[in-house]
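Trainee: okay, predicted coordinates and the sequence, questions at the end:
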Amino acid sequence: MKFEELKMLAQNYPAVPITLNFPLTNFDPIDLTQNLNQHLGPCFLFTGQPKPDEDGYSFIGLDPAAAITFKDGQLTVENEAGKTTQVTDLKPYLENLLQKYRTPKISALPPFLGGIAGYFSYDYARFANPTLPQKLADPYDLNDADFLLIKQVIAYNHKTKMITLSKIIPSDQLDKLFEKTIADLNKLQQVVLQNNHGSSLPRFAMNSALHLHFDQEEFSEKVAETKRHIIDGDIFQLILSNPQHATMSGSLFAVSKNLFHDSPAPYQFFYKHHNFETVGSSPETLISKHGQKLFTYPLAGTRRRGKNAAEDKKFAEELTHSPKELAEHNMLIDLGRNDLGRVSEFGSVQVTKARKLLYFSNVMHMGSTVESLADPKKSAVDIVESLMPAGTLSGAPKISAMQIISRLENRKRGIYGGCLGYFDFSGDLDFCIGIRLAYRQDDNLVVHSGAGIVADSIAKNEYQEFNNKARNVVDALNKTNHTEVLS
């Protein structure tokens, strides 16, 4: 965008994005992220396959200006001035940051040019819902939220094959910083062109085998207890999860190449902060906002992919005609409508697609789309808090299901069942649900998956669902294990 156009926009916003565009045919987000980590400091990677009716983007956030963590009511901020910790709410702090760096929405540019990127854990929901248990076992010392303040982004449009380099600057310094920022972006362009291939990924090693937290007998007991709650009318459905644990050394970033290649999905991500890392390939949006439009995509009902076309068709017919799966999915559509309704203009919530069969590399799901217009009085953080955790990761009614989950699982879930993504300074946002992922804290490696329990669930079938949903992640870990991965 030209200086004169930015100058006009800067009159009404506290910050503006300065951008530089150029074509790049063979873009490799993993190689580039690894090389930029070595050249420019910490990066985060948020990428994926194109979603329906949208261009696909990869975003690499460079050299964060601050790190923001929230754990058990304590907010910690690290920036160039040092490190501060205080007992306070996270929500107003994030809202103040988004207001401080608010930028215009420029439709011709990518949806993320700078903002706050990271994750809310599943357990963060207890701060918005005080009726939930406030104290849970925390064997891995997990944060409830973890974000980076990103002012510089590499965005790649997979449809147009164009890269956009962006840097956010204060509007009152536009005259002073414009030429220097353009020069810096031209230098970054050369760095990108020279480092888009040929990286040697860090080593990853599993030092023990993965073991499920609940064995089949323990899990069957918890399924029986869940069904008693359903019979008593406490809930209709509940997502019971079962983490797998191992120990590891090296970095989960090494797993990204195998996981992203073998498990294509709308969201693929790697996030690192201090001794925490997560890598995943999530098929499911929690919430996205483009301008004033909100979108959520309930995804529920699962079958594994068939070994051949005939078996695939058989499983698809079974899934789309199962009274259990249809009832579960319809329940979650209603839950999505209710969640979206709390942050939308009255009467604007619509189900635009219902129970469409979606195929992924290892499983098939039924998916629906719920849309609305955002209530202008609600902040971006209000919107995410209203939707999380997704009903597909908790159950229905949501709060009752979460209260029971806390008793049955009796430990923090961490990023599993939470959400990961970004708040753009323009007001747009995009968060995927934290599923189909692995995370590590120190040398603890966790792969987490869950199963939807309803009145007629069969415990041994639900137990197998953990393996079906986690298979691609576990396969990627095993494929990368003990190897020096080369591009």
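Mentor: Right, received. Where do you want to start? Model, not experiment: these values are computed from the prediction.
Trainee: identify each buried residue in stretch 7-19, please.
Mentor: Neighbour-count burial for stretch 7-19 flags L9, A10, Y13, A15, V16, P17, I18, T19 (criterion: 16 or more other Cβ atoms under 10 Å). The C-beta positions use only the backbone N, C-alpha and C, and glycine is treated the same way.
Trainee: with stretch 170-185 instead?
Mentor: Of all the residues in stretch 170-185, those buried under the rule 16+ other Cβ under 10 Å are S171, L174, F178, T181, D184, L185.
Trainee: ok, the closest residue to the first one other than its chain neighbours - contacts?
Mentor: Counting by Cβ to Cβ, 6 or more residues apart in numbering, A10 is the residue found nearest to S171 once chain neighbours are left out, at 3.7 Å. By Cβ atoms under 8 Å, 6 or more residues apart in numbering, the residues touching A10 are V16, S171, D172, L174.
Trainee: what about the helix or strand hosting A300, distance to the chain center?
Mentor: Element membership of A300, judged by DSSP states H and E, is strand 299-304. Centroid separation between strand 299-304 and its chain, computed with Cα atoms, centre = their mean, to the nearest Å, is 19 Å.
Trainee: need the next SSE after it, C-terminal direction.
Mentor: That would be, after strand 299-304 and using DSSP H and E, helix 309-320.
Trainee: from the contacts of A10, which is closest to L335?
Mentor: Closest to L335 out of the contacts of A10 is V16 (38.9 Å), distances taken as Cβ to Cβ.
Trainee: check the spacing between the closest one and H290 real quick.
Mentor: 20 Å (Cβ to Cβ, to the nearest Å).
Trainee: so where's this protein shaky on pLDDT?
Mentor: Scanning the chain for pLDDT under 70 picks out 39-43, 49-55, 361, 483-487.
Trainee: nearest the geometric middle of it, what residue?
Mentor: L420 (2.6 Å; Cα atoms, centre = their mean).
Trainee: burial count for the closest residue to it other than its chain neighbours?
Mentor: Spatial nearest neighbour of L420, chain neighbours left out: Y119 (4.0 Å); criterion: Cβ to Cβ, 6+ apart. Using other Cβ atoms under 10 Å, Y119 has 26 other residues around it.
Trainee: Y119 and G417 touch, don't they?
Mentor: No. Contact criterion Cβ atoms under 8 Å: Y119 and G417 do not qualify, at 11.0 Å.
Trainee: now for the helix or strand harbouring D334, which elements pack on it?
Mentor: D334 is part of helix 323-341 when elements are defined by DSSP H and E. Helices and strands touching helix 323-341, by 3 or more Cβ pairs under 8 Å, 6 or more residues apart in numbering; DSSP states H and E, are strand 293-296, strand 299-304, strand 350-359, strand 363-373, helix 380-387, strand 395-396.
Trainee: quick one, strands of the stretch 151-300 of the chain?
Mentor: Taking DSSP state E, counting those that start in this stretch to define them, one finds strands in the stretch 151-300 of the chain at 152-157, 162-170, 204-206, 211-212, 237-241, 244-250, 267-273, 276-282, 285-290, 293-296, 299-304.
Trainee: any idea which of these gets closest to R440?
Mentor: In terms of Cβ to Cβ, the element of the strands of the stretch 151-300 of the chain nearest to R440 is strand 276-282, at 5.1 Å.
Trainee: describe which strands the closest one pairs with in its sheet and in which direction.
Mentor: strand 267-273 (antiparallel), strand 437-441 (antiparallel) (DSSP bridges).
Trainee: what's the angle between the longest one and strand 285-290?
Mentor: In this case it means strand 267-273. 90 degrees (axes from the mean of the first three to the mean of the last three Cα atoms, to 10 degrees).
Trainee: ok, and what's touching strand 267-273?
Mentor: The set of residues external to strand 267-273 that reach it, using Cβ under 8 Å, 6+ apart, is 33, 42, 44-49, 67, 69, 117-119, 146, 148, 251-253, 256, 259-260, 277-285, 420-421, 432.
Trainee: same thing but 6 Å
Mentor: By Cβ atoms under 6 Å, 6 or more residues apart in numbering, the list of residues contacting strand 267-273 from outside reads 44-48, 67, 146, 253, 256, 260, 278-282, 420, 432.
Trainee: same check, this time on stretch 177-193
Mentor: By Cβ under 6 Å, 6+ apart, the surrounding residues in contact with stretch 177-193 are F3, I18, L20, F22, L165, K167, I169.
Trainee: ok, which pair from those residues is furthest apart?
Mentor: Farthest pair in the contacts of stretch 177-193, by Cβ to Cβ: F22 and I169, 20.1 Å.
Trainee: between those two, who's got more neighbours?
Mentor: Counted by other Cβ under 10 Å, F22 and I169 do not tie: I169 has more neighbours, with 22 against 13.
Trainee: partner residues bridging that one?
Mentor: Beta-bridge partners, per DSSP bridges, of I169: V16.
Trainee: what's the answer for F295, then?
Mentor: S288, E371.
Trainee: shouldn't it be in contact with S372?
Mentor: No. Using Cβ atoms under 6 Å, F295 is not in contact with S372, being 8.4 Å away.
Trainee: settle it for me: which of those two has more neighbours?
Mentor: When F295 and S372 are compared for neighbours, S372 comes out ahead with 21 against 18, by other Cβ under 10 Å.
Trainee: roughly how far does the more buried one sit from L32?
Mentor: Distance, S372 to L32, using Cβ to Cβ: 36 Å.
Trainee: before we move on, back to that, which among the strands of the stretch 151-300 of the chain is found nearest to S344?
Mentor: With Cβ to Cβ as the yardstick, what comes closest out of those is strand 293-296 (6.3 Å).
Trainee: so what's the gap between the closest one and the chain middle?
Mentor: Chain-centre distance of strand 293-296: 16 Å, with Cα atoms, centre = their mean.
Trainee: report the buried residues of it.
Mentor: So, applying 16+ other Cβ under 10 Å, buried residues of strand 293-296: L294, F295, T296.
Trainee: packing partners of it?
Mentor: strand 363-373 (3 or more Cβ pairs under 6 Å, 6 or more residues apart in numbering; DSSP states H and E).
Trainee: angle of the strand it packs on against helix 309-320?
Mentor: Going by the same axes, to 10 degrees, strand 363-373 makes 50 degrees with helix 309-320.
Trainee: what is strand 363-373 packed up against?
Mentor: Applying 3+ Cβ pairs under 6 Å, 6+ apart, we find strand 363-373 packed against strand 293-296, strand 299-304, helix 323-341, strand 350-359.
Trainee: which helices and strands sit right next to the second one?
Mentor: Put plainly, it is strand 299-304. Going by 3+ Cβ pairs under 6 Å, 6+ apart, strand 299-304 lies up against helix 309-320, helix 323-341, strand 363-373.
Trainee: ok, now with 8 Å
Mentor: The contact analysis (3+ Cβ pairs under 8 Å, 6+ apart) places strand 299-304 against helix 309-320, helix 323-341, strand 363-373, helix 459-480.
Trainee: tabulate these (JSON lines), appending distance to T84.
Mentor: Below are the helices and strands packed on strand 299-304 laid out as JSON lines (distance: least, Cβ to Cβ, whole Å):
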{"stretch": "helix 309-320", "distance to T84": "51"}
{"stretch": "helix 323-341", "distance to T84": "33"}
{"stretch": "strand 363-373", "distance to T84": "37"}
{"stretch": "helix 459-480", "distance to T84": "36"}
